[in-house]
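Novice: Provided below for reference: sequence and predicted model.
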Amino acid sequence: MTVTEAASERLIRIGEVARGAGVSVRAVRYYEQQGLLVAERSPSGQRLYRQDAIARVRFFQEMFAAGLTSRRITELLPCWDAGHTDAEQRAMLRAERDRIQAKADDLQAALDRLDEVIAITETHP
């Protein structure tokens with residue numbers, strides 16, 4: 001982003017980020033404390049974020065839901081920001097993907113089993 005682009009970009013307040021991402025203001029503050037988000041400060045001290053903060057917070061939420069820690073998410077951010085990776089980063093990304101896929105497979109198996117139980121109970125009330 002050039003200086004001109006940064007100067008012309010409208011910054012948004014913490015409440016707008018929280019609403020846009022569907023999280024609490026407290027969660028946005030937590031992400032900032034963890035080094036996942038960076039805020040600028042207004043002359044009155046209010047936190048101001050770039051527009052892309054909403055998408056970043058949604059990404060954080062998805063990764064937390066998948067079981068990643070804030071430390072691991074911090075390791076992923078350079079990949080997100082730069083759009084490229086080195087061999088070590090790709091290995092880490094693949095390992096996380098494999099872990100999440102295994103978790104999804106386990107959840108699918110549980111859903112399938114529940115569907116069987118539901119089907120049985122519907123035929124034998």
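Specialist: It's in.

Novice: residue 77 and residue 37 touch, don't they?
Specialist: No - look at residue 77 against residue 37 with Cβ atoms under 8 Å: they stay out of range, at 9.9 Å. The C-beta positions use only the backbone N, C-alpha and C, and glycine is treated the same way.

Novice: where does this protein dip in pLDDT?
Specialist: Scanning the chain for pLDDT under 70 picks out 1-8, 125.

Novice: next up, identify which helix or strand the closest residue to residue 92 other than its chain neighbours is on.
Specialist: Excluding its sequence neighbours, the residue lying closest to residue 92 (Cβ to Cβ, 6 or more residues apart in numbering) is residue 75, at 6.5 Å. If you go by DSSP states H and E, residue 75 is part of helix 70-82.

Novice: show me what counts as buried in that helix.
Specialist: Residues of helix 70-82 classed as buried by neighbour count (16 or more other Cβ atoms under 10 Å): 70, 73, 75, 76.

Novice: ok, the second one - contacts?
Specialist: By Cβ atoms under 8 Å, 6 or more residues apart in numbering, residue 73 lies in contact with 36, 60, 63, 64.

Novice: and it, how far is that from residue 56?
Specialist: 10 Å (Cβ to Cβ, to the nearest Å).

Novice: need the residues touching each of these two.
Specialist: With Cβ under 8 Å, 6+ apart, residue 73 and residue 56 have common neighbours residue 36.

Novice: report the angle between the helix or strand containing residue 105 and helix 70-82.
Specialist: Per DSSP H and E, residue 105 falls inside helix 87-123. Relative orientation of helix 87-123 versus helix 70-82 (axes from the mean of the first three to the mean of the last three Cα atoms, to 10 degrees): 110 degrees.

Novice: ok now helix 87-123, how far from the chain's centre?
Specialist: Helix 87-123 has its C-alpha centroid displaced from the chain centroid by 19 Å (Cα atoms, centre = their mean, to the nearest Å).

Novice: mind giving me the packing neighbours of it?
Specialist: helix 70-82 (3 or more Cβ pairs under 8 Å, 6 or more residues apart in numbering; DSSP states H and E).
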